[in-house]
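Trainee: Here is the input, now give the coordinates:
(2 chains)
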Amino acid sequence: MATVALSGIITPSNVVTATSTTTLSNKTLVAPALGTPASGVVTNLTGTASININGTVGATTPSTVVATTVQASTTMGVGGATPSASGSGISFPATQSASTDANTLDDYEEGTWTPSITFGGAAVGITYSGYTGGTYSKIGNRVFVTAILELSNKGSSTGAARIIGLPFTNASGIARYLPAMLSGHNFTYTGQFYGDIQENTSSIAANYTSEAGTPSNLLDTNFTNTTVLQVSAHYSV
Amino acid sequence: MSLTKQTVVDQITVTENGIVLYREATRIMEDGNQISQTFHRTSLTPAQDLTGIPANVVAICNAAWTAECIAAYQAAQAAAEAART
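Mentor: Residues are numbered from 1 along each chain as shown, chains lettered A, B, ... in the order given. All right, here's what the predicted structure looks like:
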C-alpha cells in the first residue's frame, strides 16, 4: 500500500478521488467555508463517520437536503420555529404558515378554551362552577375540542341555547352543519339530543330531534340551574 | 435563577363576518429565557358582552363590530337557524 504523507494546506481545484480504501482515523478534515465552492458532494461515509456543521447554515444554503433517513435525537423545528427544549417531537411556528399542498402537515397547536352558554344570543346572569373549561388540539386544518360546562345559575336570558367560545371558526363549505357530540344531565328534552356547528361560526347550537324526526333548538326552559353539558367535536378551519 | 410567569395576547384575528379570535400565551421564563408556553384561545361574536376581555382585544372588537357588521352577523345566524329547523 502506497502512502503519501501530506502536510500543510492542500487546496484541490476539482474532485479528489481515492481509488481504493483510504483510512482517515483520528484526524479532522476541514472543508472550506460553505459557498466555496458553491456545492459539493461527500459520499461513502460509513461506519461511525459523522459530519459536524458548525455555525449557521443559511435558509437557502442548502435549500434542500436529501437523505434516506433522518434522525433527530430530541426535537426539530420547521418554518423557522425554535425546537422545543423539552420532550421529543416537531415544533411548528406559533403562527401557522399554511401550505396549499394537501400532503403537507403545516400546523400543530394544543391549548385550552373556555366554553359558555347563551340563550337567544345573551347571557344575563349565567354563572358556572369551577368545572367549566375545555381543551383543543389543532392538527393541520382539523380542530378537536372537548369541554364541560357546569351551570351554577342559568340566568334570565331566553331563547335558543348555544355554546360559544370555540377556539377557531368552522370553515364554510361542505359541512354547513357539522355535528357535535353533546351529553349532559339536569336538563329536559324529548328525543335525541345533539349539537351542530354552523359554517363560519365559533359556536355550537344545542338541539334535539323528536321521535318523528323534527329538529328543535334546545331552549332556556330546557335548562336548570345545575345543568351540566359535555362537548366533544371536531371540525375544519 | 429567577422564574417568572407572563401572560400576553399574542394573536388577534378578525374573520370576515366579524368574529374575533384571540390567543393568550402564558410563558414561564427562567432568567429571561422561555422554558415553557401554553395557549388559551377565545372567540367573540359580534355584539357579545366584553366584560373581562383584555383591553387590546376590546379595542379590536369595538373597531370591527360596526352596526352593519352586527346586523349582518345576526341576520346570518337567524337565516341559519331557520334553515336548520
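Trainee: what's the pLDDT at the closest residue to residue A:211 other than its chain neighbours?
Mentor: Nearest non-adjacent residue to residue A:211, counting by C-beta to C-beta, 6 or more residues apart in numbering or on different chains: residue A:191, 5.6 Å away. In this view, the C-beta of every residue, glycine as well, is placed from N, C-alpha and C. Residue A:191 is assigned a pLDDT of 88 by the prediction.
Trainee: what's the answer for residue A:214, then?
Mentor: 87.
Trainee: Roughly how far does it sit from chain B?
Mentor: Shown here: residue A:214 relative to chain B, a distance of 8 Å by C-beta to the nearest C-beta, to the nearest Å.
Trainee: So which residues on chain B come close to chain A?
Mentor: Selection of chain B residues close to chain A by C-beta under 8 Å from any C-beta of the partner chain yields B:10-11, B:15-17, B:19, B:21, B:23, B:25, B:35-36, B:38-43, B:45, B:47-49, B:74, B:76-77, B:80-81, B:84-85.
Trainee: Quick check: the gap between the one residue sitting closest to the centre of chain A and residue A:180.
Mentor: For chain A, residue A:108 is the residue whose C-alpha lies nearest the centre (C-alpha atoms, centre = their mean; 1.2 Å). With distances taken as C-beta to C-beta, to the nearest Å, residue A:108 is found 22 Å from residue A:180.
Trainee: What parts of chain A come near chain B?
Mentor: Contacts of chain A with chain B, taken as C-beta under 8 Å from any C-beta, map to A:85-86, A:94-95, A:109-114, A:121, A:123, A:136, A:160, A:164-169, A:177, A:196, A:198, A:200-203, A:205, A:207, A:215-217.
Trainee: My guess is the residue nearest to residue A:211 contacts residue A:208. True?
Mentor: Yes - Residue A:191 lies in contact with residue A:208 (C-beta atoms under 8 Å); the separation is 5.0 Å.
Trainee: So between these two, which is more surrounded?
Mentor: The neighbour comparison of residue A:191 against residue A:208 (other C-beta atoms under 10 Å in any protein chain shown) goes to residue A:208, with 19 against 15.
Trainee: For the helix or strand that that one is a member of, buried residues please.
Mentor: Taking DSSP states H and E as the criterion, residue A:208 maps to strand A:203-209. Of the residues in strand A:203-209, A:203, A:204, A:205, A:206, A:207, A:208 count as buried by neighbour count, 16 or more other C-beta atoms under 10 Å in any protein chain shown.
Trainee: From those residues, pick the one nearest residue A:142.
Mentor: Nearest to residue A:142 out of the buried residues of strand A:203-209 is residue A:204 (C-beta to C-beta; 16.4 Å).
Trainee: quick one: the closest one from chain B, how far?
Mentor: Going from residue A:204 to chain B by C-beta to the nearest C-beta gives 12 Å.
Trainee: you'd agree that residue is up against residue A:232?
Mentor: No - the pair residue A:204 / residue A:232 is not scored as a contact, 10.5 Å apart, by C-beta under 8 Å.
Trainee: Name the residues contacting each of the two.
Mentor: Any residue near both residue A:204 and residue A:232 by C-beta atoms under 8 Å, 6 or more residues apart in numbering or on different chains counts here, and that gives residue A:180.
Trainee: so where's chain A uncertain?
Mentor: Within chain A, the segments meeting pLDDT under 70 span A:1-63, A:174-176.
Trainee: neighbours of the spatially closest residue to residue B:30 that is not a sequence neighbour, just the number please.
Mentor: The shortest distance from residue B:30 to any non-neighbouring residue, by C-beta to C-beta, 6+ apart, is to residue B:3 (5.6 Å). Close neighbours of residue B:3, defined as other C-beta under 10 Å, add up to 9.
Trainee: Relative to residue B:25, how far out is residue B:3?
Mentor: Counting by C-beta to C-beta, the gap from residue B:3 to residue B:25 is 17 Å.
Trainee: related to what we said a few turns ago, just the buried residues of the residues of chain A next to chain B.
Mentor: Buried subset of these (neighbour count, 16+ other C-beta under 10 Å): A:109, A:111-114, A:121, A:123, A:136, A:160, A:164-169, A:177, A:196, A:198, A:200-203, A:205, A:207, A:215-217.
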